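Trainee: Output the structure for:
(2 chains)
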Protein chains: 2
Amino acid sequence: MTLAEEVLGGSRRALARAITAVENQAASAPEVLAALFSHTGHAHLLGVTGAPGTGKSSLVNQLALDARKAGKTVAVLAVDPTSPFTGGAILGDRIRMRELAGDSGVFIRSMATRGSLGGLARATADVVKVLDAAGFDYIMIETVGAGQSEVDIARHAQTTIVVEAPGMGDDVQAIKAGILEIADILVVNKADDPRAETTVRALRAMLDLAHPGDAHAVSHHGMLMRVVLNGQDGAPTEANAWRVPVMTTNALSGEGVPEVLTQVVNHRQHLRDTGEMARREMARIINEVDAALRDRLMADLLDRIPNSELETMVARIARRELAPQQAVSVLVAAYSPIT
Amino acid sequence: MTLAEEVLGGSRRALARAITAVENQAASAPEVLAALFSHTGHAHLLGVTGAPGTGKSSLVNQLALDARKAGKTVAVLAVDPTSPFTGGAILGDRIRMRELAGDSGVFIRSMATRGSLGGLARATADVVKVLDAAGFDYIMIETVGAGQSEVDIARHAQTTIVVEAPGMGDDVQAIKAGILEIADILVVNKADDPRAETTVRALRAMLDLAHPGDAHAVSHHGMLMRVVLNGQDGAPTEANAWRVPVMTTNALSGEGVPEVLTQVVNHRQHLRDTGEMARREMARIINEVDAALRDRLMADLLDRIPNSELETMVARIARRELAPQQAVSVLVAAYSPIT
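Mentor: Numbering: from 1, shown residues only, chains lettered A, B, ... in the order given. Purely as a prediction, here's the structure:
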């Protein structure tokens, strides 16, 4: 049996090995992904993001527990774009998951960056495919809401929950605007905090200023996207826009969490009813093919150029003898038969 | 006279036209850039970033005034990655620049995003080249510190100033970690606020946790970078690391601003003395050539593939009949002679 067949057969050990292979871009990874790809497309991909201290990990725990009670299987992927500034892991101890341990309907995995945030987003997309093929009903992707990389990772999700803690100030709102853009559901956790109500009101006020669909429209700037969609990004219209709910939870007691799961189900249905599910899927595929094509063309070209020539070229640019665009023309003319 | 020659001759009108051409990627842009490129490399590129409300625009004003007093010419490039969430401009009215208006040693320009943040970073790099060739001593690039796009833009700078306002809380620190990584000089503005001293102490404490050079090491993940540098990113060692100063200013009164400019000069000297200037320049060139090569190869390939074939391919992937990597192999084999 191949590794892919074992994964499809339900082996948890094979699943762990397949994920490791994909995460490390091992030689076997393309074959595994190709074999699993036709079995993907069934899971609901749920992104959960929020700043450190918002309690998003506890919320993911509770969501997983509630989904299990409803008879669904759950994979949790905790993505940690380790800050080069702190040099440490942010997501913390996975021991918190002990309530879920020993349940074969749950699979938990952490991923960390390996020097490249762009690489992390791609690796996450591939690991999600493996989990999807393995048959999980929900794949919960947990990220620390701290930058563009989280936004990129969240784009792989079908429903994105942004978790906030009570008591955020006006200046923080501005910083977080980029994160709010991607929210399908907003959750103010630690609802027992007296400032929770103010935060809910502030978030509702911010949402009233938002333009539905804008965030997704902006993201589609790949060259392939422009060709295939003829510049039409097909952003949702006002009429079929999803109204982002602002909800409160207490992730430690579990209060409010079943209601969030209900909204996740509602949002999935909304995506299907409006055709938005297919639209996002199409955009995801185009972006993925665009990036993979660029990588492939670049790798093929670099294979043909001697390192010494690249070094000479860069040195000449540094001496201002040659403009970067001229260097590109020279390299393409000399080493790529497409001109 | 060509447009480039007029720019080199000192015409402000030609400069404005050249920038517009480059910003809009007009047909004339590659020629203008190629003609100007050999005249670049003299300006000191100063990035100034900070969240809305920190007063970074006023600080840029004062820095420009002080630089003029020292006999230097200054170009200010205000980059506004307009949030799709608010839909509005963040940088506000450029009327604030009136103290500088009418001074021919100063040139002020705003840039806004046009649907693509990646595109904005590249356009900024090109506009900086035009300003550099036009002979300005300082090019100050002002960005709103709110995400990865600012980090990308700041990487074009040689010295990056991160501006903070007094009174930031612990949760904000975590969010801002990504921005702090890029700081060569930290400025707490509004020094008359009683909370300024606490903020200075908090920033110093955060800096003590930092690993010098990490941020720059992480950024170098291009394929071309790996080839040319053989995986060595040449990050600075502890011995020649720059110690990030935390300074206080009152940008409205101008207090503390000359000292910041002195540190900018010190940092420039440090970059030269340690060879870090050449290293950053090399990394910048490699990243630029890498991105331009990918764009060129992709555009050449897409020119050869009929749109209908791309659409069919994407539809087949959506139906799970074909994996994205298989689609890439098929397209490259059929349309690129490099295999």
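Trainee: what pairs with A:V106 across the strands?
Mentor: Applying DSSP bridges to A:V106 yields these beta-bridge partners: A:V74.
Trainee: Hmm, A:T73 and it touching each other?
Mentor: Yes: counting by C-beta atoms under 8 Å, A:T73 is a contact partner of A:V106 at 7.2 Å. To be clear about C-beta, it is placed using only N, CA and C from the backbone, and glycine gets the same treatment.
Trainee: quick one, what contacts the closest residue to A:F107 other than its chain neighbours?
Mentor: Distances taken as C-beta to C-beta, 6 or more residues apart in numbering or on different chains put A:A75 closest to A:F107, at 4.5 Å, once the chain neighbours are dropped. Counting by C-beta atoms under 8 Å, 6 or more residues apart in numbering or on different chains, A:A75 makes contact with A:A43, A:V106, A:F107, A:I108, A:R109, A:L131, A:A134, A:F136, A:Y138, A:I139, A:M140.
Trainee: how about the third one, what does it touch?
Mentor: Contacts were defined as C-beta under 8 Å, 6+ apart; by that measure A:F107 touches A:R12, A:L15, A:V74, A:A75, A:V76, A:L131, A:A134, A:F136.
Trainee: can you tell me which of those residues are in strands?
Mentor: Among these, the ones falling in strands (DSSP state E) are A:V74, A:A75, A:V76.
Trainee: Let me know how buried the last one is, in neighbour terms.
Mentor: Residues within reach of A:V76, counting by other C-beta atoms under 10 Å in any protein chain shown, total 26.
Trainee: Show the contacting residues for it.
Mentor: By C-beta under 8 Å, 6+ apart, the residues touching A:V76 are A:V60, A:A64, A:M97, A:L100, A:V106, A:F107, A:I108, A:R109, A:M140, A:E142.
Trainee: rerun that using 7 Å as the cut-off
Mentor: A:V60, A:A64, A:I108, A:M140, A:E142 (C-beta atoms under 7 Å, 6 or more residues apart in numbering or on different chains).
Trainee: helices and strands around the helix or strand containing the last one, which ones?
Mentor: In this case it means A:E142. Secondary structure assignment for A:E142, by DSSP states H and E: strand A:138-144. Secondary-structure packing of strand A:138-144 (3 or more C-beta pairs under 7 Å, 6 or more residues apart in numbering or on different chains; DSSP states H and E): strand A:44-50, helix A:56-69, strand A:74-80, helix A:117-133, helix A:148-154.
Trainee: Figure out which of these is closest to B:A205.
Mentor: Ranking those by proximity to B:A205 (C-beta to C-beta) places strand A:74-80 first, at 22.7 Å.
Trainee: immediately after the worst-scoring helix or strand of chain A on mean pLDDT, which helix or strand?
Mentor: Least confident helix or strand, chain A: helix A:214-219 with a mean of 43, by mean pLDDT, DSSP states H and E. Using DSSP H and E, the helix or strand that follows helix A:214-219 in sequence is helix A:223-229.
Trainee: possible to save the contacts of A:V76 as a markdown table with neighbour count, distance to A:G275 and pLDDT?
Mentor: Converted to a markdown table, these look like this (neighbours: other C-beta atoms under 10 Å in any protein chain shown; distance: C-beta to C-beta, whole Å; pLDDT from 0 to 100):
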| residue | neighbour count | distance to A:G275 | pLDDT |
| --- | --- | --- | --- |
| A:V60 | 27 | 29 | 93 |
| A:A64 | 27 | 29 | 94 |
| A:I108 | 18 | 33 | 88 |
| A:M140 | 28 | 25 | 95 |
| A:E142 | 26 | 28 | 89 |
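Trainee: Now stretch A:242-262: average pLDDT?
Mentor: Mean per-residue pLDDT for stretch A:242-262: 95.
Trainee: tell me the SS of A:I108?
Mentor: Three-state call for A:I108 (DSSP: H, G, I helix; E, B strand; the rest coil): strand.
Trainee: Strands along the stretch 151-300 of chain A, start to end?
Mentor: Using DSSP state E, counting those that start in this stretch, the strands of the stretch 151-300 of chain A run over A:159-164, A:185-188, A:246-248.
Trainee: Name the nearest of the contacts of A:A75 relative to A:V265.
Mentor: A:Y138 (10.3 Å).
Trainee: could you measure the closest residue to that closest one other than its chain neighbours against chain B, distance?
Mentor: Using C-beta to C-beta, 6+ apart and skipping the chain neighbours, the partner closest in space to A:Y138 is A:V74 (4.7 Å). In this view, A:V74 and chain B are 22 Å apart by C-beta to the nearest C-beta, to the nearest Å.
Trainee: If you tally nearby residues, what's the number for A:V74?
Mentor: Neighbours around A:V74, by other C-beta under 10 Å: 25.
Trainee: close enough to count as contact, it and A:I108?
Mentor: No: with contact defined as C-beta atoms under 7 Å, A:V74 does not count as touching A:I108 (8.9 Å).
Trainee: got the buried residues for the strand or helix carrying A:T20?
Mentor: Element membership of A:T20 [criterion: DSSP H and E] is helix A:12-23. Neighbour counts over helix A:12-23 (16 or more other C-beta atoms under 10 Å in any protein chain shown) mark A:A14, A:L15, A:R17, A:A18, A:I19, A:A21, A:V22, A:E23 as buried.
Trainee: so what pLDDT did the closest residue to A:M277 other than its chain neighbours get?
Mentor: Once flanking residues are discounted, A:M277 sits nearest to A:L271: 3.9 Å by C-beta to C-beta, 6+ apart. According to the prediction, A:L271 has pLDDT 94.
Trainee: for the one 10 residues further on, same thing?
Mentor: With respect to pLDDT, A:E281 has a value of 88.
Trainee: Neighbours of it, how many?
Mentor: A:E281: 16 neighbours (other C-beta under 10 Å).
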